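Q: Sequence plus the predicted model coming up.
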Amino acid sequence: MLPSVGIVKILCKTLREFPVQALVVDPVMVSTSGDVLAGPSILSVFREELFPMADIITPNLKEASALLDGVQLETVDDLRSAARLLYDMGPKNVLVKGGDLPDSSDAVDILFNGDNFYELRSPRIKTRNTHGTGCSLASCIAAELAKGYLMVSAVKVAKRFVETALDYSKDIVIGNGLQGPFDHLLRLKGHSQDCHGLQAFNPSDLLLYAVTDSEMNKKWGRSITDAVKAAIEGGATIVQLREKDAETQDFLESAKACLKICHSHGVPLLINDRIDIALACDADGVHVGQSDMPAHVARTLLGPEKIIGVSCKTPEQAQQAWVDGADYIGCGGVYPTNTKENNITVGLDGLKTVCMASKLPVVAIGGIGVSNARIVMEIGVPNLKGVAVVSALFDRECVLTETRKLHAMLSESNIDGTLKKL
Ligand SMILES: Cc1ncc(COP(=O)(O)OP(=O)(O)O)c(N)n1
Ligand SMILES: Cc1nc(C(=O)O)sc1CCOP(=O)(O)O
Ligand SMILES: [Mg+2]
């Protein structure tokens, strides 16, 4: 809360002296409960000094109206016009929160970044426990930006968090006021069902990463779905469909069928290269390489909850993957491989260097199988979470047997990704 012109001026001066990586400004003037928290004298210093420094401002309906000299905001179109006018005051992004919009069954927020409008909707939750929702949303956006996520992703995650926490605490009774607080700590309380998607990606899923290959499955006379079924039965913990030669329609049909199989076993399914296929079948995510669609574009297209993996051979690429909003990186080729033509081998040393530079979990790939998986995992870096394997599973007569063997070996790994000594 910035209740006086003097305090805003000191804040701006301090921010000029000590710049921050991302500045989220919640121009608190009117609380959810209707209390006036800062008077009209604050408006000009907000507009002229603070907003031009902000990466995003997050006014609610009443605050947006006050900042625009009392203009009436009653429709989603009004929110869009307000977002544009507020953007002209200098912030890089504007989120106008339409939670109080009359005649709307949804809570509609408008995000504007100067180029695009994003209409973010969530079901309106009937509860008296809405105290602090605006502050929590702004804080959650700041936390997501600090983790390196892009603005659109950060806002979506924050909105989803507030919506989930509101729903979770809708019936809690605390105190006697007209409004109660909502409970931010739902995830610490083991509440997972309603916040599915906040934790869509679990790095331990990378342990045994099965990557399909249409040519190999054809050679051994089995369908992609049969191959995926066998890999999952053998213990694959995540599956990627890497169907380089498949026709789009066939790929989509196989992806839909594989998704059913994977989901019936709680295993995530990612699509290699093809964001369009991932979107069309609502897969759990994609894996992209350095010459595929950039990860930050994939993130914008897929939203914050899908899993995105990026191939990295250098520390710089690993850093960029993190900035771009990826969830994990694939690092290789650890060993030479016949599966990918002209692939550069980084060896165990290259893998270790990339792991140590990476803020994201890592899966090792390239020439890995039962004979060498132990050596790879024994490099002893905590964010190496598993191995991704093509030919050692799929260029074999029995996918089930080979996956079981590899799974048995990897299961001896402890949680750090280092193998227990037998
Ligand atoms: C887990 C994992 N890691 C790396 C790759 C390689 O991706 P890319 O560099 O895009 O090469 P292609 O697989 O598209 O040939 C991967 N697929 N999976
Ligand atoms: C798809 C892929 N990507 C690699 C990389 O280095 O990024 S190596 C590779 C092929 C891995 O196949 P196999 O397990 O048969 O060696
Ligand atoms: Mg690729």
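A: Ah, there it is. Ligands and ions are numbered 1, 2, ... in the order given.
Q: Quick check: residues of this protein near ligand 2?
A: Residues of the chain lying close to ligand 2 by C-beta under 6 Å from any ligand atom are 311, 330, 332-333, 337, 339-340, 343, 365-368, 389-392. For every residue, glycine as well, the C-beta is placed using N, CA and C.
Q: what about 8 Å?
A: Contacts of the chain with ligand 2, taken as C-beta under 8 Å from any ligand atom, map to 211, 213, 242, 272, 289, 311, 313, 330-335, 337-340, 343-346, 365-369, 388-395.
Q: Which strands or helices does the helix or strand containing Ala298 pack on?
A: Secondary-structure assignment from DSSP states H and E places Ala298 in helix 295-302. Helix 295-302 is packed against helix 151-168, helix 275-281, strand 285-288, strand 307-312, with contacts defined by 3 or more C-beta pairs under 8 Å, 6 or more residues apart in numbering; DSSP states H and E.
Q: Ranking the ones you listed by mean neighbour count, which comes first?
A: Most buried of the helices and strands packed on helix 295-302 by mean neighbour count (mean count of other C-beta atoms under 10 Å) is strand 285-288; its value is a mean of 27.
Q: Could you dump the helices and strands packed on helix 295-302 into TSV and include distance to Asn217 and mean pLDDT?
A: TSV is the format used below for those (distance: least, C-beta to C-beta, whole Å; pLDDT from 0 to 100):
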stretch	distance to Asn217	mean pLDDT
helix 151-168	35	86
helix 275-281	17	97
strand 285-288	18	98
strand 307-312	21	97
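Q: What remains of the residues of the chain next to ligand 2 if I keep only buried residues?
A: 211, 213, 242, 272, 289, 311, 313, 330-335, 337, 339-340, 343, 346, 365-369, 388-395 (16 or more other C-beta atoms under 10 Å).
Q: So which of those sit within strands?
A: 211, 272, 311, 330-331, 365, 388-389 (DSSP state E).
Q: which two in those residues are spaced the farthest apart?
A: Asn272 and Cys331 (15.9 Å; C-beta to C-beta).
Q: Using the record's domain definitions, break this protein down for me.
A: 5-168, 203-410 (automatic domain parsing).
Q: Start and end of the last one, how far apart?
A: End-to-end distance for domain 203-410: 15 Å, by C-alpha to C-alpha, to the nearest Å.
Q: mind checking how far it is from the chain centre?
A: 18 Å (C-alpha atoms, centre = their mean, to the nearest Å).
Q: can you tell me which residues contact the residue nearest the centre of the chain?
A: Among the residues of the chain, the one closest to the centroid is Pro304, at 3.7 Å (C-alpha atoms, centre = their mean). Pro304 makes contact with 149, 152-154, 156-157, 160, 325, according to C-beta atoms under 8 Å, 6 or more residues apart in numbering.
Q: Turn those residues into a markdown table, columns for distance to Glu119.
A: Listed next are these as a markdown table, based on distance: C-beta to C-beta, whole Å:
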| residue | distance to Glu119 |
| --- | --- |
| Tyr149 | 20 |
| Val152 | 12 |
| Ser153 | 16 |
| Ala154 | 17 |
| Lys156 | 12 |
| Val157 | 17 |
| Arg160 | 15 |
| Gly325 | 21 |
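Q: closest to ligand 2 among these?
A: Nearest to ligand 2 among the contacts of Pro304: Gly325, at 19.8 Å, using C-beta to the nearest ligand atom.
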